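[1] sequence plus predicted model, see below.
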Amino acid sequence: MLDIVLRDAMTYSSLLILLSTGLTLMYITTKVPNFAHGALATIGGYMTLTGTKLFKLNPYMCLPFASIVGAIGSLSLYLCVLRPLMKRGASFVALMASTIGFEMIALALINIYADYLSRVHKIFSREFLLRGLDFKFMDEPGIFIVSCVTMLIIVLTLYLFLTRTKFGIAMRAAIENPSLAGVVGINVNHVYTVSWTIAGLLAGFSGGLLSMFAIGTPLMGSNLLPSMFAASVVGGYSNIYGAMLGGALIGLSEIYGISALAYQFGGEIIAYRPIIPLFVMSVTLLLAPTGLTGINWASIKKVLRGKRG
Amino acid sequence: MEGGLLILVEDLLTMFAIYLIITLSLNLENGYAGIPNFGKVLAVAGGAFVAGSFPGRLMAYLMGFDTGIGYVNDNSRIVTLITRALEGNLLPSIALFFITIGVAAAVGAALGLLASYPAIRLREDYLAMTLLAMGEGIRIIGQNFYPLVGGTVGIDVPDPFAYFEDLRYITVMFVFLAIALLVMYYSEHLVRSPLGRVLRAMRDDEVAASSLGKNVVHLRMKVLAVGSALGAIGGALYAFYTCNCRAAAYHRFDWTFWPWVAMMLGGASNNVGVALGVLVFLATRYSITLLKVQLAPFVPFDVVWLDSLLFGMALILILMFKPEGLLREKPTHTISRKKIETRMKDISGNREANK
């Protein structure tokens, strides 16, 4: 049996890594921070609830379904809202505002769906916990093993996809320089659609896992939005590997930070956990706004060596 | 029925005044200065928390009650006593109201500066993310820090309008509308001043503005301080109107998103358009509320969510098909030639006389 704090920290970090990787993937393609990313995760969570309670499935069997619905949500945001707006030459602020508008629509639909579940099918849908359906493997809860293992697999697959496949390399080219990529025959729109699909799949998938880890509410994803932004910013908001690093850092510091503070000041402080990512994000923005992957480590090393010499 | 309609109109106009103040401040930040403030709720909640925690404690101190944790624990009894004491005294009521508004504005400005400070030098998207995240943070503090506004339970706010008894709501409406009008007058003057022109220059081309020697960071800070102070006034007024302050009520949907919809609907960077937008937005919401009651038995969900659904769609459709809103931005009036000539004559005449 592992230490409970370590287990929670690793599970939460894995989920945050998946979420912030998706968020960064959306950002580096369209250059818009997607304020609706949390709502996409919530959709995944509600799909898992439907699968387990309505169709009596194993929660992990619902994950593909949750991912697909998340991808549908993310694609409808990109294809029906962002791309037409970009074609019309909408301002940057207008694009950001439109993702918030989309979040409102998504949350309204989630709430309507939650009401439908509770009134028609008599399923608790406002505050639900699916932990009871989890399996145990060597005395460890399944969610811990599944989220860590799938996170590693996904990160590795994504890395291989971006560096070893033709499409992945084309995708990186289109991200780096869209017009030049277009000149050499890469369909940039197609590439962007694929990256939004991947990001949506990741969001739905991690939302599905989240419903096994924490109490599910219609706001469970949106409430994580500051943590996701913090993870992406800490990692460096233009680097997909940075998002993975940032997710791990924010996840660990949130859980370990709050347990250390609770040990010091008592359990009442646990409710303030969401303040930690805000703090880490502020410090990062003040000291190194380009994030961890944006810091020029070589020059820092040089300065340190110079001081010693 | 007649009485019901009167109450509805009175409530609509009071909320119009509150939302107008908040949306005008947002328009100042986003419409004129180009700062995408997705954390408007921060200032509004700050102002409301001041109204929830400050005037009651001030009165409790003056009347010799407990101002510490006892004030929150025994809140409804103490506030009822305070309101009863205010009932007969007009001048202290007015003083309490305006002192609170002043403190709320100061706290709001400080919060705006503090929250934006980490990202004030960075690109707009970082600033937008930081402000949004900070707006979430203040709700978490309000909900959990019990001595501030009673945590999840909430807190009662003493009523400075208790003097007017039966006419309380009508008085509140007129006072709030007057304050909103003042804010409108102020922001209209601000955007017509040289500072307003600099702000628009910054919005349209930051690099050009800074190459002409304008300090973009200082300007952003100035605008966020003023905008957040105004937003906090709106929040304090709302707390005084409802005589209650509950942290959970200050969610970004109600106090960031609705002002954004109203602003985009009316027309960003046009104050008259914003006023029109707020009115249309609130009138639509209130009529939906009336319709919803009739719709409720036929649908298997809470009709409240139709609001978010409709206005989310409305925002996207506005951004797509009418991004300038109902009224588009107009060139500001400068002083007419005639006025300049008479002014110059005055000055030269004065010089002649001085000789």
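    Nice, thanks for sending it over.

[2] contacts only, for the residue lying closest to A:Met47 once chain neighbours are set aside.
    The spatial neighbour of A:Met47 that comes closest, neighbours along the chain excluded (CB to CB, 6 or more residues apart in numbering or on different chains), is A:Ala66 at 4.0 Å. Placement of C-beta: from N, CA and C, glycine included. By CB atoms under 8 Å, 6 or more residues apart in numbering or on different chains, the residues touching A:Ala66 are A:Ile43, A:Gly44, A:Gly45, A:Met47, A:Thr48, A:Gly51, A:Gly204, A:Phe205, A:Gly207, A:Gly208.

[3] what about 6 Å?
    Contacts for A:Ala66 (CB atoms under 6 Å, 6 or more residues apart in numbering or on different chains) come out as A:Gly44, A:Met47, A:Thr48, A:Gly204, A:Gly208.

[4] part of a helix, is the second one?
    So the one you mean is A:Met47. Yes: residue state for A:Met47 (DSSP: H, G, I helix; E, B strand; the rest coil) corresponds to a helix.

[5] return the residues in contact with it.
    Applying CB under 6 Å, 6+ apart, the residues contacting A:Met47 are A:Phe65, A:Ala66, A:Val69.

[6] measure the closest residue to A:Thr197 other than its chain neighbours to A:Phe167 for me?
    Excluding the flanking residues, the one nearest A:Thr197 by CB to CB, 6+ apart is A:Ala71, at 5.1 Å. When CB to CB, to the nearest Å is applied, the distance between A:Ala71 and A:Phe167 equals 17 Å.

[7] and these two? Which one has more around it.
    Set side by side, A:Ala71 and A:Phe167 give different neighbour counts by other CB atoms under 10 Å in any protein chain shown, the larger being at A:Ala71 (23 against 13).

[8] so that one makes contact with A:Ile198?
    No: counting by CB atoms under 6 Å, A:Ala71 stays clear of A:Ile198, with 8.1 Å between them.

[9] rewinding a little: mind checking which of the contacts of A:Met47 land in strands?
    Judged by DSSP state E, the subset of those located in strands is empty.

[10] ok, so of the residues you listed, who is nearest chain B?
    Using CB to the nearest CB, A:Val69 comes nearest to chain B of the contacts of A:Met47, at 17.9 Å.

[11] what's the nearest residue to the closest one if we skip its chain neighbours?
    Once its chain neighbours are removed from consideration, A:Val69 has its nearest residue in A:Met47; the separation is 5.0 Å (CB to CB, 6+ apart).

[12] lowest average confidence, helix or strand, in chain B?
    Lowest mean confidence among the helices and strands of chain B (mean pLDDT, DSSP states H and E): helix B:337-354, at a mean of 78.

[13] pull out the buried positions in it.
    Buried residues in helix B:337-354, counting neighbours by 16 or more other CB atoms under 10 Å in any protein chain shown, are absent.

[14] residue contacts, the residue nearest to A:Thr197?
    Contact analysis of A:Ala71 by CB under 6 Å, 6+ apart lists A:Thr197, A:Gly200, A:Leu201.

[15] one more: A:Gly257?
    Under the criterion of CB under 6 Å, 6+ apart, the contact partners of A:Gly257 comprise A:Ile276.

[16] what do you get for A:Ile215?
    When contacts are counted by CB under 6 Å, 6+ apart, A:Ile215 touches A:Glu127, A:Leu129.

[17] please, where are all the helices along the stretch 151-300 of chain A?
    For the stretch 151-300 of chain A, helices defined by DSSP state H, counting those that start in this stretch occupy the ranges A:166-176, A:178-183, A:188-213, A:225-235, A:240-265, A:275-287, A:297-308.

[18] can you pull the poorly scored residue ranges out of the chain?
    No chain specified, so I'll use chain A. Per-residue confidence for chain A (pLDDT under 70) gives these ranges: A:1-2, A:307-309.

[19] nope, chain B
    Ranges of chain B meeting pLDDT under 70: B:1-2, B:334-335, B:355.

[20] and it, which residues reach chain A?
    B:36, B:118-119, B:122, B:125, B:128-129, B:133, B:136-137, B:140, B:144, B:300-302, B:305, B:308-309, B:312, B:315-316, B:319 (CB under 6 Å from any CB of the partner chain).

[21] again, only this time at 7 Å
    B:30, B:36, B:38, B:118-119, B:122, B:124-126, B:128-130, B:133-134, B:136-137, B:140, B:144, B:257, B:260, B:264, B:300-302, B:305, B:308-309, B:311-313, B:315-316, B:319-320, B:323 (CB under 7 Å from any CB of the partner chain).

[22] so among the residues you listed, which ones count as buried?
    Counted by 16+ other CB under 10 Å, those give B:30, B:36, B:38, B:118-119, B:122, B:124-126, B:128-130, B:133-134, B:136-137, B:140, B:144, B:257, B:260, B:264, B:301, B:305, B:308-309, B:311-312, B:315-316, B:319-320, B:323 as buried.

[23] check the secondary structure at B:Tyr169 for me.
    Using three-state DSSP, the secondary structure recorded for B:Tyr169 is helix.

[24] what helix or strand does the residue lying closest to it once chain neighbours are set aside sit in?
    Take B:Tyr169 and drop its neighbours on the chain: the residue closest to it by CB to CB, 6+ apart is B:Glu10, 5.4 Å away. When secondary structure is defined by DSSP states H and E, B:Glu10 falls within helix B:2-26.

[25] list the contacts for whatever residue of the stretch 151-300 of chain B ends up closest to chain A?
    Among all residues of the stretch 151-300 of chain B, B:Pro300 sits closest to chain A, at 4.9 Å; criterion: CB to the nearest CB. Shown in contact with B:Pro300 (CB atoms under 7 Å, 6 or more residues apart in numbering or on different chains): A:Asp115, A:Tyr116, A:Arg119, A:Val120.

[26] for A:Ile123, give me phi and psi.
    For A:Ile123, the backbone dihedrals (degrees, to the nearest 10) come out as phi -110, psi 130.

[27] so it touches A:Phe55, yeah?
    No: taking contact to mean CB atoms under 7 Å, the distance of 11.4 Å between A:Ile123 and A:Phe55 leaves them out of contact.

[28] with neighbour numbers in mind, choose between these two.
    When neighbours are counted by other CB under 10 Å, A:Ile123 and A:Phe55 differ, and A:Ile123 comes out ahead with 16 against 10.

[29] from A:Ile68, how far off is the more buried one?
    Taking CB to CB as the criterion, A:Ile123 is separated from A:Ile68 by 21 Å.

[30] list the buried residues of the helix holding B:Glu10.
    Going by neighbour count (16+ other CB under 10 Å), the buried part of helix B:2-26 is B:13-26.

[31] stretch B:59-66 now?
    By neighbour count with 16+ other CB under 10 Å, stretch B:59-66 contains the buried residues B:Met59, B:Ala60, B:Phe65.

[32] the last one falls within a strand, correct?
    The reference is to B:Phe65. No: per three-state DSSP, B:Phe65 lies outside any strand segment and is coil.

[33] tell me which element the closest residue to it other than its chain neighbours falls in.
    If the residues on either side of it in the chain are set aside, B:Phe65 comes closest to B:Ile78, at 5.2 Å by CB to CB, 6+ apart. If you go by DSSP H and E, B:Ile78 is part of helix B:75-87.

[34] in the stretch 201-350 of chain B, which spans are helices?
    Using DSSP H, counting those that start in this stretch, the helices of the stretch 201-350 of chain B run over residues B:206-211, B:216-242, B:252, B:258-266, B:271-295, B:305-321, B:337-354.

[35] picking up where we left off before, just name the closest of the buried residues of stretch B:59-66 to B:Gly231, please.
    Closest approach to B:Gly231 among these (CB to CB): B:Met59, at 25.1 Å.

[36] so the closest one is in contact with B:Ile82, correct?
    Yes: between B:Met59 and B:Ile82 there is a contact at 4.5 Å, judged by CB under 7 Å.

[37] which neighbours do those two share?
    Residues touching both B:Met59 and B:Ile82 comprise B:Pro158, with contact defined as CB under 7 Å, 6+ apart.

[38] all good on my end, thank you.
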